[in-house]
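Novice: Below is the sequence, then the predicted model.
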Amino acid sequence: MASLTQYYGTGRRKTAVARVYLRPGHGRITVNKKPLDTYFNRESIKLVLRQPLVVTETGDDFDILANVCGGGKAGQAGAIRLGIARALVEFKPEYRPLLRQYGLLTRDARKVERKKYGRPGARKRFQFSKR
């Protein structure tokens with residue numbers, strides 16, 4: 001078998017973790033062994049996922065294989081986006097300033113705040129009663 005050139009990037013968002021592989025190809029995106037349109041059904045999520053490819057104008061140059069677990073669909077899309085951006089930088093380091101300018105290399109550190117004991121939620125308090 002001929003050596004397969006591929007570029008790897010890991011992306012994380014909320015509790016989702018994505019392992020993204022970029023291989024020279026024709027722009028096919030596969031997520032968890034399913035086509036992109038089958039896995040993600042909302043158009044806005046697909047736009048988020050494609051941002052690094054649009055910014056660098058490499059949409060049709062690579063086939064993308066992503067394995068993602070944890071979180072919901074929006075978190076998974078954000079994780080894949082970061083993974084694609086990191087893999088593109090591995091492919092061509094000159095893309096780093098461009099991707100950084102659009103904020104695509106920054107890991108979004110926001111997570112769900114934990115529920116505190118004696119309370120109904122993370123920040124919610126029980127209803128105050130004067131009498």
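Specialist: Yep, it's here.
Novice: Show me the longest helix that occurs in this protein.
Specialist: helix 73-91 (DSSP state H).
Novice: neighbours around residue 25, how many?
Specialist: With neighbours defined by other CB atoms under 10 Å, the count for residue 25 comes to 13. Heads up, the C-betas are built off the backbone N, CA and C, glycines and all.
Novice: Look up phi and psi at the nearest residue to it once chain neighbours are set aside.
Specialist: Spatial nearest neighbour of residue 25, excluding adjacent residues (CB to CB, 6 or more residues apart in numbering): residue 63 at 3.0 Å. Main-chain torsions, residue 63, degrees, to the nearest 10: phi -100, psi 130.
Novice: Check the one 4 residues further on too.
Specialist: Residue 67 has phi and psi values of phi -110, psi 120 when expressed as degrees, to the nearest 10.
Novice: quick one: contacts for the residue nearest to it when sequence neighbours are not counted?
Specialist: Distances taken as CB to CB, 6+ apart put residue 19 closest to residue 67, at 4.7 Å, once the chain neighbours are dropped. Residues in contact with residue 19 (CB atoms under 8 Å, 6 or more residues apart in numbering) are 8, 10, 66, 67, 68, 83.
Novice: on that earlier part again, after the longest helix of the chain, which helix or strand is next? Please name it.
Specialist: Next helix or strand after helix 73-91 toward the C-terminus (DSSP states H and E): helix 96-101.
Novice: Okay, buried residues for stretch 5-15 please.
Specialist: 7, 9, 11, 12, 13, 14 (16 or more other CB atoms under 10 Å).
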